[in-house]
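*Asks:* give me a 3D structure for the following:
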Amino acid sequence: MELKPLKIRFCPKLKANERNQAVLYMRMTIDGKRAEISLNYEFPREAWDDKAQSLKQKHPEVSFVLNQMNQYRHRALEIQQQLVQHGIQPDVFAIKQRITGDPQTGKTMYPTLLELIDKAITRKIALTGKDNSKATVQKYRRCQSHLLVFLKLNYQKEDIACNKIDLQFIEDFELYLKTTGNCANNTSMKHIQTFKTIYRTATAHGWTDKDPFQKFKIKMQEVVRDYLSEKEIQCLLDADLPPNKCSKARDMFLFSCFTGLAYIDLRNLYARNIQKEKGKYWIRTRRQKTDVKSNIPLLDIPLDILKKYCPDFEEMDPMERLFKVISNQKMNAYLKELGTLLRIKKKLTFHIARHTFATTVTLNNGVPIESVSSMLGHKKITTTQHYAKLLDKKLEEDMAALGGKLRFNTTG
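*Replies:* From the prediction side, this is the model:
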């Protein structure tokens with residue numbers, strides 16, 4: 001897209017029925033089209049220097065006015081760049097609308113929804129590796145993408161002022177996500193939660209005095225997570241596979257089954273994360289998702305897998321990655337192929353390994369829930385308690401099945 005130059009100048013306009021009082025305006029021109037915005041500042045006409053396009057230096061408020069002019073100029077140029085980034089050809093009327101906002105309220109300089117998101121994403125990118133992960137940035141970008149499509153479909157607009165968002169807008173967005181957006185309930189709710197977090201910025205800065213999310217309830221549905229039984233883990237262990245990518249996917253999956261590491265944490269596992277204390281090896285790392293410490297003792301099975309792929313792991317450079325891991329998408333494709341080959345009825349994905357560690361490997365074998373929570377790197381123990389509920393449900397199902405098999409005569 002060719003960026004046509006935006007010309008900006010400031011000029012006084014005499015007030016109606018007054019011979020000497022003027023109001024300061026910013027005049028914007030693109031491709032011969034012109035729009036003007038009042039800065040709502042009045043002054044005597046003779047105090048203006050036409051050549052310098054500013055108040056005369058002797059005027060007591062010259063510094064204040066120069067600062068206001070710079071703010072408006074910077075805002076106009078910033079909006080022009082944002083329009084281009086969203087594939088919109090800038091024009092002076094669109095820029096004016098975004099600066100002046102809602103004329104009925106008398107407020108100016110309203111940011112738009114997409115500007116709010118841009119600011120949030122820019123901040124998240126700047127904090128990546130510190131307070132945020134790349135996954136957080138991707139989450140914000142996905143929400144942004146859905147909002148762009150939603151605005152075009154439902155409102156026939158490229159953008160909207162943040163103070164125009166109301167409860168109806170949020171409910172319409174929910175409907176879009178669950179229908180046109182093809183999102184499940186929990187995914188839809190997560191997008192709305194991200195939207196809500198972004199919108200809080202507008203409320204905090206006083207750009208809007210209403211909270212449209214106040215009457216909207218985010219309802220998450222409980223998800224029943226799959227995990228492997230001891231028999232299914234043994235099936236994977238016993239499988240005689242040729243040394244190929246499928247067998248490596250099996251090994252990485254089993255390593256996670258016995259350590260609870262998520263895919264991204266396995267990929268980012270360095271030699272320095274393996275520490276030996278009192279003759280025992282430990283994984284000491286931080287979860288990328290939560291930045292919470294995880295301290296995991298290495299059992300024999302994952303230790304054997306580590307030695308298989310990194311026989312000299314103790315002599316490796318501390319900053320060297322232990323495993324060369326393929327993408328999560330390819331990993332899941334190989335696991336699916338493996339599940340079919342071994343006739344495992346559950347849909348194998350890498351994250352099932354983490355669930356298996358929490359349930360079959362630890363909680364089911366009497367490991368205290370506090371210890372499991374620490375190894376999994378959960379911020380709250382309530383997250384870990386969900387796995388305990390899964391085991392309770394499994395126990396209830398097993399006992400119900402047993403009740404159906406028992407045939408005792410209780411009559412005397």
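
*Asks:* helix or strand for the spatially most central residue of the chain, just tell me which one.
*Replies:* Nearest residue to the geometric centre of the chain (CA atoms, centre = their mean): Lys139, 2.7 Å. Lys139 belongs to helix 134-150 when elements are defined using DSSP states H and E.

*Asks:* CA atoms only: put the helix or strand following that helix into CSV for me.
*Replies:* Scanning forward in sequence from helix 134-150 by DSSP H and E, the next helix or strand is helix 167-178. Provided in CSV are the C-alpha atoms of helix 167-178 (Å, rounded to 0.1, in the frame of the first residue of the first chain):
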residue,chain,number,x,y,z
LEU,A,167,-22.9,-5.4,26.6
GLN,A,168,-24.6,-6.1,23.3
PHE,A,169,-21.2,-5.9,21.5
ILE,A,170,-19.7,-8.5,23.9
GLU,A,171,-22.7,-10.8,23.5
ASP,A,172,-22.5,-10.5,19.7
PHE,A,173,-18.8,-11.3,19.8
GLU,A,174,-19.5,-14.4,21.9
LEU,A,175,-22.1,-15.5,19.3
TYR,A,176,-19.6,-14.9,16.5
LEU,A,177,-16.9,-16.9,18.2
LYS,A,178,-19.1,-19.9,18.8
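
*Asks:* tell me which residues in the very next helix or strand once past helix 167-178 are buried?
*Replies:* Using DSSP H and E, the helix or strand that follows helix 167-178 in sequence is helix 185-204. Across helix 185-204, burial judged by 16 or more other CB atoms under 10 Å covers 188-192, 194-195, 198-199, 201-202. Backbone N, C-alpha and C define where each C-beta goes, glycine included.

*Asks:* who's in contact with Thr122?
*Replies:* Counting by CB atoms under 8 Å, 6 or more residues apart in numbering, Thr122 makes contact with nothing.

*Asks:* contacts for stretch 202-215, please.
*Replies:* So stretch 202-215 is contacted by 110-111, 116, 162-163, 165-167, 169-170, 196, 199 (CB under 8 Å, 6+ apart).

*Asks:* try stretch 328-343
*Replies:* 235-236, 239, 245-246, 249-250, 252-253, 263-264, 325-326, 344, 346-350.

*Asks:* the strand or helix carrying Arg284 pairs with which strands?
*Replies:* Assigned by DSSP H and E, Arg284 falls within strand 280-286. Sheet pairing of strand 280-286 (DSSP bridges) gives strand 274-277 (antiparallel), strand 293-297 (antiparallel).

*Asks:* mind listing what's buried along the longest one?
*Replies:* Right, strand 293-297. 294, 296.

*Asks:* list just the nearest of the buried residues of helix 185-204 to Ile99.
*Replies:* Ala202 (15.7 Å; CB to CB).

*Asks:* how about the closest one: what's its closest non-neighbour residue?
*Replies:* Leaving aside its sequence neighbours, Ala202 sits nearest to Cys162 (CB to CB, 6 or more residues apart in numbering; 4.4 Å).

*Asks:* tell me, what's the model's pLDDT at that neighbour?
*Replies:* Looking at Cys162, its pLDDT is 79.

*Asks:* now for it, how many residues are close by?
*Replies:* When neighbours are defined as other CB atoms under 10 Å, Cys162 has 23 of them.

*Asks:* pretty sure it is touching Thr112, no?
*Replies:* Yes - in this structure, Cys162 is within contact of Thr112 by CB atoms under 8 Å, at 6.4 Å.

*Asks:* circling back to that earlier point, give me the distance between the residue nearest to the centre of the chain and Ser145.
*Replies:* Distance, Lys139 to Ser145, by CB to CB, to the nearest Å: 11 Å.

*Asks:* tally of neighbours for the nearest residue to Thr285 once chain neighbours are set aside?
*Replies:* In space, and not counting its chain neighbours, Thr285 is closest to Asn273: 4.5 Å by CB to CB, 6+ apart. Asn273: 19 surrounding residues under other CB under 10 Å.

*Asks:* what sits against Val62?
*Replies:* Neighbours of Val62 in contact, by CB under 8 Å, 6+ apart: 54-56.

*Asks:* contact partners for Tyr155?
*Replies:* Tyr155 makes no contacts at all, as judged by CB under 8 Å, 6+ apart.

*Asks:* and it, how far from Ile99?
*Replies:* Using CB to CB, Tyr155 is found at 20 Å from Ile99.

*Asks:* got the residue ranges for the helices in the stretch 201-350 of the chain?
*Replies:* Under the criterion DSSP state H, counting those that start in this stretch, the stretch 201-350 of the chain contains helices at 230-238, 245-257, 263-267, 300-309, 328-341, 350-356.

*Asks:* would you reformat these as JSON lines and include distance to Pro318?
*Replies:* Formatted as JSON lines, these follow (distance: least, CB to CB, whole Å):
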{"stretch": "helix 230-238", "distance to Pro318": "30"}
{"stretch": "helix 245-257", "distance to Pro318": "20"}
{"stretch": "helix 263-267", "distance to Pro318": "17"}
{"stretch": "helix 300-309", "distance to Pro318": "15"}
{"stretch": "helix 328-341", "distance to Pro318": "25"}
{"stretch": "helix 350-356", "distance to Pro318": "25"}
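
*Asks:* ok, how many other residues are close to Leu303?
*Replies:* For Leu303, using other CB under 10 Å, the count is 18.

*Asks:* from what I can see Asn40 touches Val23, true?
*Replies:* Yes - in terms of CB under 8 Å, Asn40 counts as a neighbour of Val23; the distance is 7.4 Å.

*Asks:* for those two, indicate the residue with more neighbours.
*Replies:* Val23 (15 against 11).

*Asks:* I'm done for today, thanks for sticking with me.
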